[in-house]
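Participant: Sequence and predicted model, in that order:
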Amino acid sequence: MTNKNIYNDLQSRNMVHDAIEGVADLLGSKSVTLYNGFDPTADSLHIGHMVPMIALARFQRFGHHVIALAGGGTGMIGDPSGKSDERNLLTADETRHNVEQIQKQLSHFLDFEVKTNPARILNNGDWLNKINLIDFLRDIGKHFSVNAMLAKDSVRSRIDRESGISFTEFSYSLLQSYDYYHLFKNHGCTLQVGGSDQWGNITAGVELIRRKLGETAYGLVYPLIKKKDGSKFGKTAGGAVWLDPKRTSPYKFYQFWLNADDGDVINFLRFYTFFDMDKIAELEDKTVNHPEERAAQRALAEEMTYMMHGQKALDNARQATAALFGGDIDGLSADDIRDIFSDVPSKSIHNADLAGAPIDLATFLSETTGFLKSKGEARRAIAEGGIYLNNRRAADPALIVTPANFIEGSFLVLRRGKKNYFLVKLAG
RNA sequence: GGACGGUUACCCAAGUGGCCAACGGGGUCUGACUGUAAAUCAGAUAGCAGAAGCUUUCGGAGGUUCGAAUCCUUCACCGUCCA
């Protein structure tokens, strides 16, 4: 870390999308208490949340006091920012469960033990659930102009849509503003950070604090991560890339970063890693001159997997990658297969299942194993040349699957396309 | 409560009695090329069968008709305007 000031560090990473005037001076002059909210809409965060998470860790490393705010209360309402449609409401139980899970994930990055400035996790349900409606409308609501709220992007874009916006979500920014007010008053929190979609909510909170207390609070937002083609970041064929290894295996997680586009990878390094700018510049140089080596992608994938899932998971992901993309898997033993494919979806079948009527490949892929949704899809996939048995293309839909196809009589590796694996285990 | 408009496959959207399993675009999948890229090109994208054919689908239910996504009735939801 070459910059002494977190603001400069963020700026050199292109991570300051917008900031309230004075933030740079504030962060340069003293240790600040700041917070970032996390919405418990699912029981795991995904990589879209990692930028703010890691950014909080950056603040902490620079000696600031960070608060991760789990939205146990606001999560019950739903933030309209960045959402094109009304959300389904979560139950109190779901929300509580999600908050617990998310807290665990936050603890991967934040240090709660350090004496000088330990990170804290608070849950806004602790105060929001106690609010009295009349008091809230009189004390807080009075400070908000509906005219101004209607002008906000997040609201206006929804009003323009057919489905509209409910009063529930419309009120969301009042609650988030109240959070900030509460933290400002009770925890001395003077800065709120978040993704750029939070700008409106943050400034609303700043405004509330100014009106109620006559004091100045600050806000800073990061750009939303976009891929260079403008498509949504963090989605793969299987959906979002989650931090929970049960939802997205470490191998898939590793692969996700490894597959980053040349045009995106440097930005990802800036946003997601703690690498200093010299190291990033070096990797950028390699990407420009020797893109085929994908040095930046490799560094990114290793760093991210290590940070999130640890050394052992990284080793496994690396080993699996070497085996799967290195060539033939026929040379592998059953034990190797078991290890390498521990992440991959699998299905156990019995010898008896193959002993009866002969099972052709298309039926095997769909009905027997459930790898593909329907026999038609299986037939199509085979005809397209997209099906591989033990990494060898299988082009004949009439092929009969027998125990002889299984490595050491126990494993059959199915593959669709380049990267979709499925393991069939044969048991006696 | 009233008037009008809308509800089509993953999304957007065409289709207003048979030529509709439903134009087009996006997305997704597969192949070729490649660096496990990008861009590009090609094919696929309801189920069963895979030659023909059959079954289920156009908000829900019912009806008219030889035949409906298309017409009628009714219900639900959404939007706009009026109260």
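Facilitator: Received it, and whenever you're ready, just let me know what you need.
Participant: Residue of chain A closest to RNA strand B, please.
Facilitator: residue A:417 (2.0 Å; Cβ to the nearest atom of the strand). Glycine gets a C-beta too; all of them are placed from N, C-alpha and C.
Participant: And the closest residue to that residue other than its chain neighbours, its phi and psi?
Facilitator: Once flanking residues are discounted, residue A:417 sits nearest to residue A:386: 5.1 Å by Cβ to Cβ, 6 or more residues apart in numbering. With angles defined as degrees, to the nearest 10, residue A:386 sits at phi -100, psi 10.
Participant: Would you mind confirming that residue A:386 is in contact with residue A:416?
Facilitator: Yes - counting by Cβ atoms under 8 Å, residue A:386 touches residue A:416, with 5.6 Å between them.
Participant: The two: which is more packed in?
Facilitator: Comparing residue A:386 with residue A:416 by neighbour count (other Cβ atoms under 10 Å), the higher total belongs to residue A:416, at 19 against 16.
Participant: which residues sit in contact with the more buried one?
Facilitator: A:371-372, A:381, A:386-388, A:422 (Cβ atoms under 8 Å, 6 or more residues apart in numbering).
Participant: and residue A:129, how many neighbours does it have?
Facilitator: Neighbours around residue A:129, by other Cβ under 10 Å: 12.
Participant: Apologies, that question was intended for residue A:302.
Facilitator: Neighbours around residue A:302, by other Cβ under 10 Å: 16.
Participant: And for it, nearest residue in space, chain neighbours not counted?
Facilitator: residue A:314 (6.3 Å).
Participant: Okay, residue A:245 and residue A:398: tell me how far apart.
Facilitator: 39 Å (Cβ to Cβ, to the nearest Å).
Participant: Neighbour count for those two, which is higher?
Facilitator: Taking other Cβ under 10 Å, residue A:245 and residue A:398 do not tie; residue A:245 has more neighbours (17 against 9).
Participant: Now, the contacts of residue A:416 that are in strands?
Facilitator: A:387-388, A:422 (DSSP state E).
Participant: Of those residues, which is the most crowded?
Facilitator: Neighbour tally across the ones in strands among the contacts of residue A:416 (other Cβ under 10 Å): the maximum, 27 neighbours, falls on residue A:387.
Participant: Can you name the residues bridging to that residue?
Facilitator: Beta bridges link residue A:387 to residue A:416, judged by DSSP bridges.
Participant: any weak-confidence spans in the stretch 201-350 of chain A?
Facilitator: Across the stretch 201-350 of chain A, the ranges flagged by pLDDT under 70 are A:226-239, A:326-328.
Participant: For the contacts of residue A:416, give me TSV that also has pLDDT and distance to residue A:272.
Facilitator: Listed next are the contacts of residue A:416 as TSV, based on pLDDT from 0 to 100; distance: Cβ to Cβ, whole Å:
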residue	pLDDT	distance to residue A:272
A:371	91	33
A:372	90	34
A:381	92	35
A:386	91	32
A:387	93	35
A:388	92	33
A:422	92	30
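Participant: Which members of these additionally contact RNA strand B?
Facilitator: Near RNA strand B, judged by Cβ under 7 Å from any atom of the strand, the entries from the contacts of residue A:416 are A:381, A:386.
Participant: just the contacts of residue A:416 now: which is nearest residue A:53?
Facilitator: Here the nearest of the contacts of residue A:416 to residue A:53, counting by Cβ to Cβ, is residue A:422; it sits at 32.1 Å.
Participant: List the contacts of that closest one.
Facilitator: Going by Cβ under 8 Å, 6+ apart, residue A:422 touches A:344-347, A:369, A:371, A:413-416.
Participant: So which of those residues sit within strands?
Facilitator: Using DSSP E, A:346-347, A:413-416 are the members of the contacts of residue A:422 that sit in strands.
Participant: Please check these and keep the buried ones.
Facilitator: Buried subset of the ones in strands among the contacts of residue A:422 (neighbour count, 16 or more other Cβ atoms under 10 Å): A:346, A:413-416.
Participant: how about the helices in the stretch 251-400 of chain A?
Facilitator: In the stretch 251-400 of chain A, the helices defined using DSSP state H, counting those that start in this stretch lie at A:262-272, A:277-289, A:295-309, A:311-326, A:334-340, A:351-355, A:361-363, A:375-383.
Participant: Leaving out sequence neighbours, find the closest residue to residue A:191.
Facilitator: What sits nearest to residue A:191 in space, not counting adjacent residues and going by Cβ to Cβ, 6+ apart, is residue A:34, at 3.8 Å.
Participant: ugh, wrong one, residue A:423
Facilitator: Nearest non-adjacent residue to residue A:423 (Cβ to Cβ, 6+ apart): residue A:346, at 4.0 Å.
Participant: Would you agree that neighbour is in contact with residue A:426?
Facilitator: No - using Cβ under 8 Å as the test, residue A:346 is too far from residue A:426 to be in contact (11.2 Å).
Participant: so residue A:240 touches residue A:50, yeah?
Facilitator: No - judged on Cβ under 8 Å, residue A:240 makes no contact with residue A:50 at a distance of 11.6 Å.
Participant: Between those two, tell me which one has more neighbours.
Facilitator: Neighbours around residue A:240 and residue A:50, counted as other Cβ under 10 Å, are more numerous at residue A:50. The numbers are 22 against 19.
Participant: Doesn't the more buried one belong to a helix?
Facilitator: Yes - according to DSSP: H, G, I helix; E, B strand; the rest coil, residue A:50 belongs to a helix.
Participant: give me every residue that touches it.
Facilitator: A:243, A:272.
Participant: now do the one 5 residues further on
Facilitator: For residue A:55, the contacting residues are A:10, A:15, A:36, A:193, A:222, by Cβ under 8 Å, 6+ apart.
Participant: can you pick the most crowded of these?
Facilitator: Going by other Cβ under 10 Å, residue A:10 tops the contacts of residue A:55 with 26 neighbours.
Participant: what about the residue nearest to residue A:191, which helix or strand?
Facilitator: strand A:33-38 (DSSP states H and E).
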